[in-house]
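Engineer: pasting the sequence and the predicted model now:
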Amino acid sequence: MRPTDPALPLFGDRPRRPLADRLRPRSLDEVVGQDHLLGPDAPIGRMVERRDLASMILWGPPGCGKTTIARLLAQRTDLYFEPLSATFSGVADLRKVFRAAAERHHTGRGTMLFVDEIHRFNRSQQDSFLPYVEDGTVVLVGATTENPSFELNGALLSRCRVFVLKRLDQAALETLAARAEEAEGRPLPLEDTARTALTAMADGDGRYLINMAEQLQALPADTGRLDTAGLARQVHRRPPAYDKDREGHYNLISAVHKSMRGSDPDAALYWLSRMLEGGEDPLYMARRLVRFATEDVGLADPRALEQALAAWAAYERLGSPEGELAIAQAVVFLATAPKSTSVYRGLGEARRRARETGSLTPPANILNAPTRLMRDLGYGEGYVYDPDTAEGFSGADYFPDGMDRERYYRPTANGEEDRVGRRLRRWEALREKRGDEGEEQV
């Protein structure tokens, strides 16, 4: 009879450790995809070589190795590793950790406090780290998937170095797949195309790839090699990483805008699709297209606003997925339209001048005079009705009395605005001519 071991189950053998746990790197050299930080000449690599770690924030997508790197850093620098999850911890947990770290500090042992999802701590909780980081009681290593400049307060950021971890590329994911095969002693039951599809489905997440590999290795031996369709039946495709209220959202909408502004319809369609596949509300996209039509296309093609509004209306009538085609059509139209920010910039300049000039009144000649008193005061006197002139243009000055004419709208030579510019130049010449004639009469 086997002796009783409290670490073992009462019946049967010890449960097999998950593949992800068995493949966890045992040294920094085994970490894949982060050589820009961990290499001998890289920032963290140099700190490890000196055995002098600074407090840091590891910012990167899920499954890129943040927790593993922190654990290995503590091991290489002989620091006590104290893990904490901001999701499940509060002030009481922090106080307990800080007390224990202070006791170790007095005995000459350092502590690495690893805080997973550190952005979930509120501002006051983040402030509680400051004195312990400053006096060296703890070396803080925070892990976050969110932009630290948005989620962490300035005082904490000023005491930490921020390192950006990359999503794992194809080569790194292939390395992990090969390690999974070596650990199990047999190749993954996949054809070449399916193997490529597997790494694409992982979307840069090493942990996800290993978990999928474990599922595939658990298939019956007579399953045979799976093609892409067979792979899709066996494992579920992960949803794309996308948070509609966080940095990923703003990054992708920026990509949509920049692609349309850069007249690249293919890239614009790709980023639009990324947002829609991530669960973005198509009506949000429709509203942004209306903004783009007025801000970036403007009068270079006045149809742009019509197209954007039509796409919005079409989606409201059809819903998904049919209405999304109207939004895609508007994206392509806007991306291929000539661009002009003349109206956008002109309005900005005019509003600044409006704030500066205060309450200047319009010239009396362009004011309506519905009462006799107003007529007696000169309201409307000398007003010229432009359509009645030979050129349909009177050349009158519509700026306030005491304010010189200023130019805010400067049309480009793009699209329809080229014609608008020629028309404005013609009117400017007529205005100058009539001004000269008026001076001669005086």
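Structural biologist: That came through, no problem.

Engineer: identify each buried residue in the one helix or strand Ala178 maps to, please.
Structural biologist: Following DSSP states H and E, the helix or strand that holds Ala178 is helix 170-184. Buried residues in helix 170-184, counting neighbours by 16 or more other C-beta atoms under 10 Å, are found at Ala172, Leu173, Glu174, Leu176, Ala177, Arg179, Ala180, Glu184. (C-beta placed from N, C-alpha, C; glycine too.)

Engineer: need the contact list for Trp271.
Structural biologist: If a contact means C-beta atoms under 8 Å, 6 or more residues apart in numbering, then Trp271 has Leu252, Ala255, Val256, Ser259 as its contacts.

Engineer: mind checking which of these are in strands?
Structural biologist: Judged by DSSP state E, the subset of the contacts of Trp271 located in strands is empty.

Engineer: just those residues now: which is nearest Gly319?
Structural biologist: Comparing the contacts of Trp271 against Gly319 with C-beta to C-beta picks out Val256 as the nearest, at 20.9 Å.

Engineer: isn't the closest one up against Ser273?
Structural biologist: No. With contacts counted by C-beta atoms under 8 Å, Val256 stays clear of Ser273, the gap being 9.9 Å.

Engineer: these two: which has the busier surroundings?
Structural biologist: Neighbour count, other C-beta atoms under 10 Å: between Val256 and Ser273, Val256 has more, with 26 against 15.

Engineer: quick check, pLDDT for the more buried one.
Structural biologist: With respect to pLDDT, Val256 scores 94.

Engineer: in TSV, list the contacts of Trp271 along with distance to Ala102.
Structural biologist: Converted to TSV, those look like this (distance: C-beta to C-beta, whole Å):
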residue	distance to Ala102
Leu252	44
Ala255	47
Val256	50
Ser259	53
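
Engineer: by neighbours, which of these wins?
Structural biologist: Counting neighbours by other C-beta under 10 Å, Val256 leads the contacts of Trp271 with 26 neighbours.

Engineer: just checking the distance from the helix or strand hosting Val331 to the centre of its chain.
Structural biologist: Here Val331 is covered by helix 322-336, with elements defined by DSSP H and E. Helix 322-336 sits 22 Å away from the centroid of its parent chain (C-alpha atoms, centre = their mean, to the nearest Å).

Engineer: now do it: everything it contacts.
Structural biologist: The contact list for helix 322-336 (C-beta under 8 Å, 6+ apart) reads 256, 259-260, 263-265, 268-269, 272, 276, 282, 285-286, 289, 292-293, 296-297, 303-304, 307-308, 310-311, 314-318.

Engineer: from those, keep the buried residues only.
Structural biologist: Under a neighbour-count criterion of 16+ other C-beta under 10 Å, the subset of those counted as buried comprises 256, 259-260, 265, 268-269, 272, 276, 282, 285-286, 289, 292-293, 296-297, 304, 307-308, 310-311, 314-315.

Engineer: and the helix holding Val331, what's buried?
Structural biologist: Taking 16+ other C-beta under 10 Å as the criterion, helix 322-336 shows Gly323, Glu324, Ala326, Ile327, Ala328, Ala330, Val331, Val332, Phe333, Leu334, Ala335 as buried.
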